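S.K.: A structural model of the following input is requested.
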Amino acid sequence: MRSALLAICGLLAAVPVAHAGEYTVYACRADDGARNNSWRASNSSGHLAAYPDGCSSGGGGLVARAGVEPPGSFAPAFASATWRFDAPAGSSVSQVALSGRLYRAPGARWGVGLSDQSGNYLLGGISGDAMAWESGGYAGLVAPASTTLYFGVLCADGSGCPTTSTGQSAWGYARARADLYGVRVRVSEAAGPSIGSVRGSLVGGSWVGGTASIGFDAGDPVGVARQSLAVSEVSRSDPKACDYTLPAPCPTSTGTDYGIDTRSIPDGAQAVSLAATDTAGNSSTWSGTAYVDNNAPGAPSQPTLQGRPASEWRATNGFTLSYDNPSRSGGAPLNSHDVQVCPTDPSGTVDPAACTLESRPAAPGTDTVSLPRPGRFRVRVRVNDSLYAGAWSPWSEMLRFDDAVPAAPSAAFPAAWVNAASAGGGLFLSVSAAKAPVSGIRSFVVTGLPEGERTIEAASPGSALVPFTLFPEGPSSITVRAVSGSGLATDPAQALSGTVRKDTVAPGLAVTGAPEPGATVAREVTLTAIGSDQVSGMAPAPADRPVTDGAFISFLAPGSAPTRFRGPDGRMTPGEGARSFAITATDVAGNESPATRVSYTQDTRVPTGGLLPVPAESPSAIRFSVSESCAGRAAVEISTAPGEWEELPTTLADGVASSRVPATVWDSETPYTLRAAITDCAGNQAVLDRWAAGPLQGEPIGQLTPPRRTATSARAELGKPGRGARASSATRTVSGTVRTADGKPLAGARVLIETQPRASGQQWRTLAEETTSRTGYVSHAVTSTHSELLRIAVVRTDLIAPSFSNVLRTTVKAASSISARPARLRNGRRVTLSGRLRGGFVPNRFEVSLFGQAPGSRRWVPVRTPVPVSRSGSWKASYRFTRTRVRSRYRFRLRIPGRPDYPFSAGYSPVRTVTVLP
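M.R.: As a prediction, the model looks like this:
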């Protein structure tokens, strides 16, 4: 028994591991559920038994044994009790791993163990020797190409095998026994599953979109473990429910159907792969093609009209448009297209309710369209594939079709002559909107003009203006035809006819009897005007018609209505006064000649007037009134001795001749008389020697005597500066009193406040003009910016004698600005001091002095003298420090001297400090 066990162990050690294309079937304790669905019990004699004794831990497992019978009992030869495992068709067992025990009592030949379909023992064997073997673990066995396995006992003795008890309870008293605790059978199979019944719209050969179906069946003797599908980047897997306690753990035939959302798959032809995997891991595949399209075609480009521009109307109903089809990145090919034709209003707005739609095969990229009727239309297209209608293209440009011939136009031929004033207009042509074709009126063809036939473009819908400038002078007969927007013209037999009379040449005009322009004449003037015209003529209007209905002569004075004379001539005697006329001739057509302008004055009367009363405020003034609208010259004359007359300077304005009694006469109080010699513009002369107004009006002027002037005197005073002000430049008040010779205050007298700089060569000038109060008092505030003299001067008048007050004096000290650069420097360096004198009046070659004060000293010493000053008052001086050993502060100032030609007293600038470092 020991040798038999060693042989078994050596056999088990040589078992190889499992390979791909295999699977394992589990039974009893090898299965987690302690199940047995793969081994079947059988016995060929009642003396032998095969039965399960519990597969769970502690059970006997699958038992095959000899019976325990009374003495003398035998099992027939070749009787057996076994547990059988059958591999599925087309497969074989390659390996077995089992746990169990084997027993055989010595004596009769028993076959105990694991054998295959050929009777070859993989474990155990046939012998009459005793054997006892047990393995709690799993022993691996190689079973090459085994299709059926048997585990159990076999009576191999030709004379039968005894079935009496052995007396050994450990083996159940049986003379032969095989217990299978647990087993793992490795099944090998190389063929893949079969795939069939492939079905569904996804692989139907047509283009699909949205959710498409696909399904297939698979079969395999060992079972189908999984079905799967792959389309582009989409995959599906369908694992099957498998029970590995069965010889064929998975379903041997199965089918699966899928619903695939093709929107997750790119458009176009896509490879489809179907796969099935059997229990052993062998796979089979099926390949096909899916045609996917989930996107409608895009919009074509805007249809473009071929031939004439779309903006033009056409009389032929056929419009060829081209467009570019959209690009396709996969998806179904384009197989049709739709053409939509819609009417529009003039602005191009489509009327969707009146559209037509036509479907056409293929997608050629060009279409010829016939419009349903005359009018404006727009077209768009879309291209389609087998699944979807595409997007509409943009609307084409407007298509215009009109085959209607326009009716005859209408025109308002002028009944009157076209003259220069109306020649800028024209003959208005029109076709009413009701009669106009849908394309409107593009132009009008006019015949009968000097150039022959002329096309006039319509300026506004249905109308145009034939400029009168195209017509010759005189009458013109013309015909007019309208042309539609599509180029069709009115039938010549229906053309409009009419006549236009034109005269734009102004008539001639001759005027006689007029004085020189602007002349003043002392004779009676008669003006005569005669007009002439060679086209419309100078015929007068009928007597019962207004004068302007014919030719006429017109005299127009400013601010007055014109005076008109019928026919070619007119005569007028205007009379006295200033006269101005614009004389014109107007012909029958209404053309007006250039105006002949006449301007003159007719004056046959002599001037009148006289001396006006003497003004109380200015009795030396002489004023004569002159009643003459155009007094050419006036001369006022004075006489101080009989028969001796002296002409005085005279001005003439606003009907008054003015002059003044000479000072020699007025001051000497000499008696005098006056007259005025007046000559008007027409040459009429008069001597005015009488009073024109007052108590002596109309009387001779007689002798006049100048009054005596009042003598005056003035006294001036200078007020003190205001509190806190500097005396040299403060504002002060110049005041004074003006009195007559007898000491009475003189009220209302004009006085001048005069000033003179206190420097040689200066003149008096007026600072202000004031008027004395009723007490004779006068005052004026003066701000002195330099030393000056002040006085009050009484102004001389016809009644007041001049006088001057005493002279007042102010004194202002000279001053200057001063700056130092740099204000901080080291010993050995140079400081520059500069500034400008204030107040002006700097004399030529003026000089100043620069003084300095050393640290700790109160004494000012000259530093630079003299320092020249420019005429603008600027000065500059420099000083170099050489002996400063410690930090020191030096002070500087400028001294300005006084001079007779400099209106300032001596003065100083401010002090400027300079810091010097060693």
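S.K.: And the chain, what are its domain boundaries?
M.R.: As assigned by automatic domain parsing, the chain contains the domains 2-188, 194-292, 304-401, 410-487, 508-602, 608-688, 712-810, 819-917.
S.K.: Now Lys720: phi and psi?
M.R.: Dihedral pair for Lys720: phi -80, psi 160, per degrees, to the nearest 10.
S.K.: just checking, it touches Thr731?
M.R.: No. Counting by Cβ atoms under 8 Å, Thr731 is not a contact partner of Lys720; they are 10.8 Å apart. Quick note: C-beta positions are derived from backbone N, CA and C, even for glycine.
S.K.: Could you give me the buried positions within stretch 520-533?
M.R.: Using 16 or more other Cβ atoms under 10 Å as the test for burial, stretch 520-533 gives Thr520, Val521, Val525, Leu527, Ala529, Ile530, Gly531, Ser532, Asp533.
S.K.: Identify all residues paired with the nearest residue to Gln697 once chain neighbours are set aside through a beta bridge.
M.R.: In space, and not counting its chain neighbours, Gln697 is closest to Trp691: 5.3 Å by Cβ to Cβ, 6 or more residues apart in numbering. Beta-bridge partners of Trp691, counted by DSSP bridges, are Leu611.
S.K.: Contact partners for Trp691?
M.R.: Contact analysis of Trp691 by Cβ atoms under 8 Å, 6 or more residues apart in numbering lists Gly610, Leu611, Pro613, Gln697, Gly698, Glu699, Pro700, Ile701.
S.K.: and with 7 Å instead?
M.R.: With contact set as Cβ atoms under 7 Å, 6 or more residues apart in numbering, Trp691 has these partners: Gly610, Leu611, Gln697, Gly698, Glu699, Ile701.
S.K.: pLDDT wise, what is the first one at?
M.R.: What the model reports as pLDDT for Gly610 is 91.
S.K.: Which residues are in contact with it?
M.R.: Applying Cβ under 7 Å, 6+ apart, the residues near Gly610 are Phe624, Ser625, Leu688, Arg690, Trp691, Ala692.
S.K.: can I assume the fourth one is in contact with Pro700?
M.R.: In this case it means Arg690. Yes. The pair Arg690 / Pro700 is scored as a contact, 5.8 Å apart, by Cβ atoms under 7 Å.
S.K.: Could you identify which of the contacts of Trp691 has the most neighbours?
M.R.: Neighbour counts for the contacts of Trp691 (other Cβ atoms under 10 Å) peak at Leu611, which has 27 neighbours.
S.K.: so who does that residue touch?
M.R.: Phe624, Leu674, Trp691, Ala692, Ile701 are the contacts of Leu611 under Cβ under 7 Å, 6+ apart.
S.K.: Now with 10 Å, please.
M.R.: Contact analysis of Leu611 by Cβ atoms under 10 Å, 6 or more residues apart in numbering lists 622-625, 636, 657, 673-676, 688-694, 696-697, 700-701, 704.
S.K.: List only buried entries from the residues you listed.
M.R.: Buried among the contacts of Leu611 (16+ other Cβ under 10 Å): 622-625, 636, 657, 673-676, 688-692, 701, 704.
S.K.: Could you tell me which of those belong to strands?
M.R.: When DSSP state E defines the strands, the subset of the buried ones among the contacts of Leu611 inside them is Ile622, Arg623, Phe624, Ser625, Val636, Ala657, Thr673, Leu674, Arg675, Ala676, Leu688.
S.K.: Tell me who's in contact with the third one.
M.R.: Phe624 makes contacts with 609-612, 634, 636, 650, 652, 655-659, 674-676, 678, 688-689, 692, 701, as judged by Cβ under 10 Å, 6+ apart.
S.K.: What residues sit buried inside stretch 431-449?
M.R.: Of the residues in stretch 431-449, those buried (16+ other Cβ under 10 Å) are 431, 436-446, 448.
S.K.: next one: stretch 108-119
M.R.: Those would be Ala108, Arg109, Trp110, Gly111, Val112, Gly113, Leu114, Ser115, Asp116, Gln117, for stretch 108-119 by 16+ other Cβ under 10 Å.
S.K.: Please narrow those residues to those residing in strands.
M.R.: Counting by DSSP E, the buried residues of stretch 108-119 contribute Trp110, Gly111, Val112, Gly113, Leu114, Ser115, Asp116 to strands.
S.K.: got the CA positions of the helix or strand that contains Leu850 in PDB?
M.R.: If you go by DSSP states H and E, Leu850 is part of strand 846-853. What follows is strand 846-853, C-alpha atoms only, in PDB (Å, rounded to 0.1, in the frame of the first residue of the first chain):
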ATOM      1  CA  PHE A 846      22.500 156.500 -13.500                       C
ATOM      2  CA  GLU A 847      24.600 154.800 -10.800                       C
ATOM      3  CA  VAL A 848      24.000 153.300  -7.400                       C
ATOM      4  CA  SER A 849      26.200 151.900  -4.600                       C
ATOM      5  CA  LEU A 850      26.200 148.400  -3.000                       C
ATOM      6  CA  PHE A 851      26.900 148.400   0.800                       C
ATOM      7  CA  GLY A 852      27.800 145.500   3.000                       C
ATOM      8  CA  GLN A 853      27.800 144.800   6.800                       C
END
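S.K.: Paired strands for it, with orientation please.
M.R.: Strand pairing (DSSP bridges) places strand 846-853 next to strand 861-869 (antiparallel), strand 888-896 (antiparallel).
S.K.: What residues does the closest residue in space to Cys630 that isn't next to it in sequence make contact with?
M.R.: Closest residue to Cys630 apart from its sequence neighbours, by Cβ to Cβ, 6+ apart: Cys681 at 3.7 Å. Counting by Cβ under 10 Å, 6+ apart, Cys681 touches 518-522, 578, 601, 603, 628-633.
S.K.: repeat for Trp645
M.R.: Trp645 neighbours (Cβ under 10 Å, 6+ apart): Ala635, Glu637, Ile638, Ser639, Thr673, Leu674, Arg675, Ala677.
S.K.: Is the last one bridged to anything, and to what?
M.R.: Partner residues in beta bridges with Ala677: Ala635, Val687, with DSSP bridges as the criterion.
S.K.: Could you check how far it is from Arg633?
M.R.: According to Cβ to Cβ, to the nearest Å, Ala677 and Arg633 sit 8 Å apart.
S.K.: and if you look at the fourth one?
M.R.: Separation of Ser639 from Arg633 (Cβ to Cβ) stands at 20 Å.
S.K.: Can you get me a residue count around the closest residue in space to Glu358 that isn't next to it in sequence?
M.R.: Spatial nearest neighbour of Glu358, excluding adjacent residues (Cβ to Cβ, 6+ apart): Val339 at 4.9 Å. Residues within reach of Val339, counting by other Cβ under 10 Å, total 18.
S.K.: ok, which stretches of this structure are helices?
M.R.: Secondary structure of the chain (DSSP state H): helices at 2-13, 663-668.
S.K.: Now the weakest link among those helices, please, by mean pLDDT.
M.R.: The weakest mean pLDDT among these belongs to helix 2-13, with a mean of 37.
S.K.: My guess is Glu770 contacts Glu754. True?
M.R.: No. Using Cβ atoms under 10 Å, Glu770 is not in contact with Glu754, being 11.5 Å away.
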